[in-house]
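Novice: Next comes the sequence, and after it the predicted model I'd like to discuss.
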Number of protein chains: 2
Amino acid sequence: MAGKAYLAAMAHDHHHHSHEGASLMSAAQGTMERSGEQWTQMRAAVFEALAAFDKPASAYDIADKVSQAQGRRVAANSVYRILDLFVGANLARRVESANAYVANDHPDCLHDCIFLICDTCGNTTHLDDDKLSGGVRAAAKEAGFSPQRPVIEVRGTCPECKDP
Amino acid sequence: MAGKAYLAAMAHDHHHHSHEGASLMSAAQGTMERSGEQWTQMRAAVFEALAAFDKPASAYDIADKVSQAQGRRVAANSVYRILDLFVGANLARRVESANAYVANDHPDCLHDCIFLICDTCGNTTHLDDDKLSGGVRAAAKEAGFSPQRPVIEVRGTCPECKDP
DNA sequence: TTCAAATATGTTATGTTGTATCTTTACGGC
DNA sequence: GCCGTAAAGATACAACATAACATATTTGAA
């Protein structure tokens, strides 16, 4: 992987506090604690492992990575518990069509984000287009439905895999 | 279940050849054969079972129902094979956020459909809003991504579960 | 019609994802 | 120190999905 060669477009340019590395870790800790949850060693380890993946990671992928890092076996169910917390606190997102998770690098903003998942290389980017996601929510309401959580993902081919 | 008490709204009213019962079966057969695939007893049985569910059904749910109907054990992997064909031929859709499948009652029209899945009762309806789905595709293209298959689903509460 | 090739299904096994339950451990207040 | 609570570990199992190979059925050409 040559790293991100393109950035997700933002339809409405508002300030996203995107973080990385140590900054992301402390942002995650802050968000977690503000939402009344503890920031334990285990949670830090899981978040670090998750954030280190450059594509969506399954709970088992994360369990493996944490196990490696700690030199002991960490069970998947512990990881699931923590991932659920993360998703609840907006520190991570679940990619439904991949049964996998990604770290949220701007946990301070709340969006119905749109994932673009490359079927060739697995790399995943996301858009935060509140107009589009708002349209989806509105259409659901129009049909009498009360939307709680839109799932908007696009399977396809990323620029790298298309133009080699 | 008291049956469908509301219908999915259509943003752009074009003629949908919605079928049910025997009509749906023969439409399915026609679509399947036009796409160069055989319409076997087994496929008919799987389609019938799938169409009989009033909410998204897992491959195992379908395997159970077909097993019942035939008085013999039908293995899940046979069902998976056939479901994959159905999805390819637009006879069925996969609901990603539910790991389940629904029959497509108008296999003649091709849409990126939007599923509304009730987290309370599991009932699922769908919208065909080409404008919205087109917007999602366009946004992906805007980011340099080549969309193949948008996945647009909304988790929430259906009208029945909201207003008891 | 008969046979060979291609397609479909059956059988068995295994891999992956996700939960449930119960036990043990860590931490804080008393 | 003792106890209550929250977190994490251990184990088991349920649910979802695919792989590999054997058998059966269909198709179409000789």
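Specialist: Perfect, thanks for sending it.

Novice: could you pull out the helices for chain A?
Specialist: A:21-34, A:41-52, A:59-70, A:76-88, A:130-142, A:159-162 (DSSP state H).

Novice: Near the nearest residue to A:Glu96 once chain neighbours are set aside, how many other residues are there?
Specialist: Residue nearest to A:Glu96 in three dimensions, not counting chain neighbours: B:Ser97, with 4.4 Å by Cβ to Cβ, 6 or more residues apart in numbering or on different chains. Heads up, the C-betas are built off the backbone N, CA and C, glycines and all. When neighbours are defined as other Cβ atoms under 10 Å in any protein chain shown, B:Ser97 has 19 of them.

Novice: same question, A:Gly156
Specialist: Neighbours of A:Gly156 using other Cβ under 10 Å come to 21.

Novice: Name whatever forms a beta bridge with it.
Specialist: Going by DSSP bridges, A:Gly156 is paired in beta bridges with A:Cys118, B:Pro147.

Novice: residue nearest the centroid of chain A?
Specialist: A:Val102 (3.0 Å; Cα atoms, centre = their mean).

Novice: Go ahead and confirm that residue touches A:Ala92.
Specialist: Yes. Counting by Cβ atoms under 8 Å, A:Val102 sits close enough to A:Ala92 to count as a contact (6.6 Å).

Novice: can you list residues touching both of those two?
Specialist: Listed as contacting both A:Val102 and A:Ala92 by Cβ atoms under 8 Å, 6 or more residues apart in numbering or on different chains are A:Leu50.

Novice: Chain A against DNA strand D: which residues are in contact?
Specialist: Taking Cβ under 7 Å from any atom of the strand as the measure of proximity, chain A contacts DNA strand D at A:37-38, A:40-43, A:73-78, A:81-82.

Novice: Of all pairs in those residues, which one spans the longest distance?
Specialist: With Cβ to Cβ as the measure, no two of those lie farther apart than A:Glu37 and A:Arg73, at 24.7 Å.

Novice: any idea how far A:Lys141 lies from DNA strand D?
Specialist: The spacing between A:Lys141 and DNA strand D, counted by Cβ to the nearest atom of the strand, to the nearest Å, is 28 Å.

Novice: burial measure for that residue, as a count.
Specialist: 14.

Novice: residue contacts, the nearest residue to it once chain neighbours are set aside?
Specialist: Using Cβ to Cβ, 6+ apart and skipping the chain neighbours, the partner closest in space to A:Lys141 is A:Pro147 (6.6 Å). For A:Pro147, the contact set (Cβ under 8 Å, 6+ apart) comprises A:Val136, A:Arg137, A:Ala140, A:Lys141, B:Leu116, B:Val154, B:Arg155, B:Gly156.

Novice: which stretches of chain A have low pLDDT?
Specialist: For chain A, the stretches flagged by pLDDT under 70 are A:1-17, A:20.

Novice: quick revisit: can you say which of the contacts of A:Pro147 are buried?
Specialist: Neighbour-count burial (16 or more other Cβ atoms under 10 Å in any protein chain shown) is assigned, among the contacts of A:Pro147, to A:Val136, A:Arg137, A:Ala140, B:Leu116, B:Val154, B:Arg155, B:Gly156.

Novice: Between A:Glu37 and A:Arg73, which is the more surrounded one?
Specialist: Neighbour tally, A:Glu37 and A:Arg73, criterion other Cβ under 10 Å: the higher count belongs to A:Glu37, 17 against 9.

Novice: list the buried ones in stretch A:30-47?
Specialist: Those would be A:Thr31, A:Met32, A:Glu37, A:Trp39, A:Met42, A:Arg43, A:Ala45, A:Val46, A:Phe47, for stretch A:30-47 by 16+ other Cβ under 10 Å.

Novice: Next up, the contacts around the nearest residue to the first one once chain neighbours are set aside.
Specialist: What that stands for is A:Thr31. Spatial nearest neighbour of A:Thr31, excluding adjacent residues (Cβ to Cβ, 6+ apart): A:Pro107 at 4.3 Å. Counting by Cβ under 8 Å, 6+ apart, A:Pro107 makes contact with A:Ala27, A:Ala28, A:Thr31, A:Ala89, A:Asn90, A:Leu91.
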